[in-house]
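>>> no letters, just coordinates:
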């Protein structure tokens, strides 16, 4: 067996070393990496050969290699990921805002799938799934041990088919099954309404392909109803992000021409960039300026209308870019809770270099390539946007926010290069107080515990935003504190 293992190992070494040498030459040509170390390559191929010859049952070569790639990428940070053919399809569907599934934004926690937020109006939303719910089983398959992509695969499927999710709700310390009928999820990323004469609300739940066009259409409808708008609330709560060009466009709708919206810095020249409030930075190839007609209809009123931006811990990535740009340029006051802190750029590249991402036939790599910075140079990564005014979720207090996971809580999260995060005893005390308040809240009838729908007449934070626009008193949070400013390393 030992001789067989040696032969298998050297055959594997020849195959893999050939492929890796190509990669090594490519990386050296780009001037970014040293040649790959042969000792580590030999260890990798020795393990490959040992598994092939000694494992209890035959293992497919392709599975071993793709699992090795997936593990290598997953070890970098929470947002870098290897996309196989099915995961690539799901990734592309998610950015268009149309796919078949249950309708949840997810992450991982302790090897389980964590619900970040159910998509509004989706089957999961109607079934009562909540942020922070943990999915322990998908049908009869335990989630422990599955990758996030494998979990997504099992929840996706054909329309009108059912999937049973076993949920562990930490807040109630119980597990229960939820049967959900899959359907085509058409996420409506923009909602709006006139709250009262002179004041309007527009909500972006995600930055998708058509978000800017839908935003322009909704704003035109608002101005037809209220041509002399006195104030606007831009609601980015629980918006997990999406397309960067959409975030730049939404920022540009409110900012002066050509001011900086966001900058990024990474290893490669193409990972260093600055996007400004100008059509050339958000206009799709060959397409019209999606904001041109809106500016004509409103006569440029969006550039000056009094503006409030609502954010919370679920506001991430592109929504943080918008909030940070409007805050730094003093174009809007930001109200709510400290945001998630995902200030990193992921670049998706088809592994078959002859294809673009939109028609990639096999597999792709979504790799973290840059960090985002607000116009004033502050890193968003693992810090987020700190509101100008902290506002609780309800009049009774902020029962859940202090307990929610943020980027800085994720294992292997990227640091922000502006100093390590400081341990904040005040924040830890606030989290403990929040736990106690939550225990009391859970003693109330279920109907009384539900956080009101965003945009409803019981939306406490929205009411405070309208008060801020009117110059009326605002009920500032007495419990929430921002994570301390990170000290720059000497």
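Now that the structure is in, tell me what you want to look at. Not measured: the values here are computed from a predicted model.
>>> neighbouring contacts of stretch 140-152?
With CB atoms under 8 Å, 6 or more residues apart in numbering as the contact definition, stretch 140-152 has outside contacts at 70, 74, 81, 83-84, 86-87, 90, 101, 106-108, 111-113, 135-138, 154. For the C-beta atoms, the positions are set from N, CA and C on the backbone; glycine is no exception.
>>> how long is it from one end to the other?
Stretch 140-152 stretches 15 Å from its first residue to its last (CA to CA, to the nearest Å).
>>> now the helices: where do they sit in the stretch 1-150 of the chain?
Ranges of helices within the stretch 1-150 of the chain are 2-29, 38-54, 61-74, 85-96, 123-126, 148-155, based on DSSP state H, counting those that start in this stretch.
>>> for the ones you listed, which has the smallest mean pLDDT value?
Lowest mean pLDDT within these: helix 2-29, a mean of 38.
>>> show me the strands in the stretch 301-450 of the chain, by range?
Per DSSP state E, counting those that start in this stretch, the stretch 301-450 of the chain carries strands over the ranges 307-311, 333-336, 344-350, 364-373, 389-390.
>>> now the angle from the fourth one to strand 344-350?
Relative orientation of strand 364-373 with respect to strand 344-350: 150 degrees, computed using axes from the mean of the first three to the mean of the last three CA atoms, to 10 degrees.
>>> from here on, call the first residue 47.
In the new numbering, first residue 47, that becomes strand 410-419.
>>> average pLDDT for strand 410-419, rounded please.
Rounded mean pLDDT across strand 410-419 is 92.
>>> one more: the second one?
Over the span of strand 379-382, the pLDDT mean works out to 97.
>>> can you give me the buried ones in it?
For strand 379-382, a neighbour-count test (16 or more other CB atoms under 10 Å) marks 379-382 as buried.
>>> among the residues you listed, which one sits closest to residue 367?
Closest approach to residue 367 among these (CB to CB): residue 380, at 12.6 Å.
>>> please name the residues that touch the residue positioned nearest the centre of the chain.
For the chain, residue 286 is the residue whose C-alpha lies nearest the centre (CA atoms, centre = their mean; 3.8 Å). Neighbouring residues of residue 286 by CB under 8 Å, 6+ apart: 151, 162-163, 252, 360, 362-363, 365, 386.
>>> could you redo the last one with a cut-off of 10 Å?
151, 153, 162-163, 165, 251-253, 360-365, 386, 388 (CB atoms under 10 Å, 6 or more residues apart in numbering).
>>> distance of it relative to residue 396?
For residue 286, the distance to residue 396 equals 24 Å [CB to CB, to the nearest Å].
>>> please apply the same query to residue 319.
Distance of residue 319 to residue 396, given as CB to CB: 21 Å.
>>> neighbour count winner among these two?
Using other CB atoms under 10 Å, the more surrounded residue of residue 319 and residue 396 is residue 396, with 19 against 15.
>>> just the pLDDT for that one.
90.
>>> so what's it up against?
Residues in contact with residue 396, defined by CB under 10 Å, 6+ apart, are 129, 134, 402-411.
>>> as JSON lines, the buried residues of strand 379-382 with distance to residue 277 would be great.
JSON lines is the format used below for the buried residues of strand 379-382 (distance: CB to CB, whole Å):
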{"residue": "379", "distance to residue 277": "11"}
{"residue": "380", "distance to residue 277": "15"}
{"residue": "381", "distance to residue 277": "13"}
{"residue": "382", "distance to residue 277": "16"}
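>>> so which of those residues comes closest to residue 515?
Nearest to residue 515 among the buried residues of strand 379-382, with distances taken as CB to CB, is residue 379, at 8.9 Å.
>>> please name the nearest non-neighbouring residue to that closest one.
Leaving aside its chain neighbours, residue 379 sits nearest to residue 434 (4.8 Å; criterion: CB to CB, 6 or more residues apart in numbering).
>>> go ahead and confirm that neighbour touches residue 377.
No. Between residue 434 and residue 377 there is no contact under CB atoms under 10 Å: 11.9 Å.
>>> identify the contacts common to those two.
residue 355.
>>> the more surrounded of the two?
Neighbours per residue (other CB under 10 Å) separate residue 434 from residue 377, with residue 377 holding more: 18 against 15.
>>> what residues are up against that one?
297, 300-302, 305, 349-350, 352-353, 355, 371.
>>> those residues: which two are farthest apart?
Checking those with CB to CB, the most distant pair is 305 and 352, at 18.6 Å.
>>> mind listing the strands for the stretch 97-246 of the chain?
127-129, 144-147, 150-155, 158-164, 180-184, 187-188, 208-215, 220-227, 229-232, 236-242, 245-250.
>>> and residue 98, which of the ones you listed is closest to it?
Closest approach to residue 98 among these (CB to CB): strand 127-129, 20.9 Å.
>>> picking up where we left off before, can you say which of the contacts of stretch 186-198 are buried?
116, 120, 127, 129-130, 133, 136, 147, 152, 154, 158-159, 181-184, 200.
>>> closest to residue 208 out of the strands of the stretch 347-496 of the chain?
Going by CB to CB, the one of these nearest residue 208 is strand 410-419, 29.9 Å.
>>> which helices and strands does that closest one pack with?
With contacts defined as 3 or more CB pairs under 10 Å, 6 or more residues apart in numbering; DSSP states H and E, strand 410-419 has these neighbours: helix 107-120, strand 127-129, helix 131-142, strand 306-312, strand 319-322, helix 364-374, strand 390-396.
>>> tilt between it and helix 364-374?
With the same axes, to 10 degrees as the basis, strand 410-419 and helix 364-374 are set at 20 degrees to each other.
>>> re the thing from before, which one of the buried residues of strand 379-382 is nearest residue 416?
residue 380 (23.3 Å).
>>> ok, now how distant is residue 433 from residue 153?
Separation of residue 433 from residue 153 (CB to CB): 23 Å.
>>> same question, residue 378
Taking CB to CB, one finds residue 378 at 28 Å from residue 153.
>>> do the same with residue 280
From residue 280 to residue 153 the distance is 25 Å (CB to CB).
>>> and what of residue 247?
Taking CB to CB, one finds residue 247 at 28 Å from residue 153.
>>> now for residue 389, how many residues are close by?
Using other CB under 10 Å, residue 389 has 29 other residues around it.
>>> list phi and psi for it.
Phi and psi for residue 389, reported as degrees, to the nearest 10, are phi -110, psi 40.
>>> surely it touches residue 460?
Yes. With contact defined as CB under 10 Å, residue 389 reaches residue 460; the gap is 8.4 Å.
>>> shared neighbours of those two, which are they?
Shared contacts of residue 389 and residue 460 (CB under 10 Å, 6+ apart): 417, 425, 427-428, 453.
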